[in-house]
Structure formats: structure tokens, C-alpha cells
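Engineer: Following is a predicted model, sequence given first.
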Amino acid sequence: MFDIGAIELLIIVIVAVVVIGPKDMPMAMRSAGRWIGKIRKVSAHFRSGIDAMVREAELEDMQAEWNKRNAEIMAKHPEAVRPAHDGEAPALPEPEVEGAEQAPADPQMEPVAEPAAPVDGTISGAEAAKPANNGADR
């Protein structure tokens, strides 16, 4: 960003010590650090906003290109366009697997048991709802 070499930095430090004084130098450095931090945050926010706008413009360009190419393909191959049947998608056939039969669905399935306590030491939702005793009833 700024091309400040070692000699220029040394001159700035010497002038700052003479003008501000060694007693007030830490407070001045903290204040300068805060200002630099604020400037960096604003710069990063501005940069991210610009990046977002550029990405949005690129997406719009890509969408327009895709729509153009899609229209060209559809014009070349009109047989690929199928009319919709009352707004419903056609049903796909079920895949057939040789030698395997599907078991009929049981309407009265048994409920799944609650899982056992985890190994890593965490507690489940039911255990977390119980109040902690901490040995108060002794």
C-alpha cells in the first residue's frame, strides 16, 4: 500500500518521540492502533460489498448466457420438448431387482426404543431435563 522503508519509519518514530514525548507515547500508539483497526474494518466491509456486487453481476451474465444457449438448443431440437400432462410430471417406473421381493409395509410398526447413553459422556434430552441433585438430599 504505502512504500515506507526502514529509514522513513525510523525518522517518523524519532519525530514522534520528540513531539509527543516518551511519557505520552504508549497512549498515542494505542490511539493510533484503534484508528488503524477501524480503518481496516471499514476497508474490509467496503471490499466485501464490492466483491458481492461483482459476483452478482457475473451470475446475471452467466444466467443470460445460459438462457441464450438453452433457447438455441431448444430451437435446434424441438422434439426434446414434451408437453405437460395436466401440470403433473409423468410417473417414473419402479426399478426392478431380480430375485428380491419387497416386504409389504406393516401399518402397526413397533416404536423405536430410545438410544442408549452416548459413550462420550454427554447426556440425552430426557436426562438433561431432570434437575440436578448434587447430594442435597443426604
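Structural biologist: Received the coordinates, thanks.

Engineer: name the helices or strands packed onto the helix or strand harbouring H45?
Structural biologist: In this structure, H45 is located in helix 25-76 according to DSSP states H and E. Under the contact criterion of 3 or more Cβ pairs under 8 Å, 6 or more residues apart in numbering; DSSP states H and E, helix 25-76 touches helix 6-20. For glycine as for every other residue, the C-beta is placed from the backbone atoms N, C-alpha and C.

Engineer: which stretches of the protein have low pLDDT?
Structural biologist: The model of the chain has pLDDT under 70 over residues 1-2, 81-138.

Engineer: what about M25, how many neighbours?
Structural biologist: Residues near M25, counting by other Cβ atoms under 10 Å, number 13.

Engineer: Roughly how far does it sit from V18?
Structural biologist: Separation of M25 from V18 (Cβ to Cβ, to the nearest Å): 11 Å.

Engineer: if I've got this straight, P22 is in a strand?
Structural biologist: No - looking at P22 with DSSP: H, G, I helix; E, B strand; the rest coil, it is coil, so not inside a strand.

Engineer: so what's the backbone phi/psi at it?
Structural biologist: Main-chain dihedrals, P22, degrees, to the nearest 10: phi -70, psi -20.

Engineer: again with K23
Structural biologist: phi -70, psi -40.

Engineer: That one - how many residues pack around it?
Structural biologist: Using other Cβ under 10 Å, K23 has 7 other residues around it.

Engineer: How about the one 10 residues further on?
Structural biologist: The burial metric for G33, expressed as a neighbour count using other Cβ under 10 Å, is 10.

Engineer: Many thanks, I have nothing further to ask.
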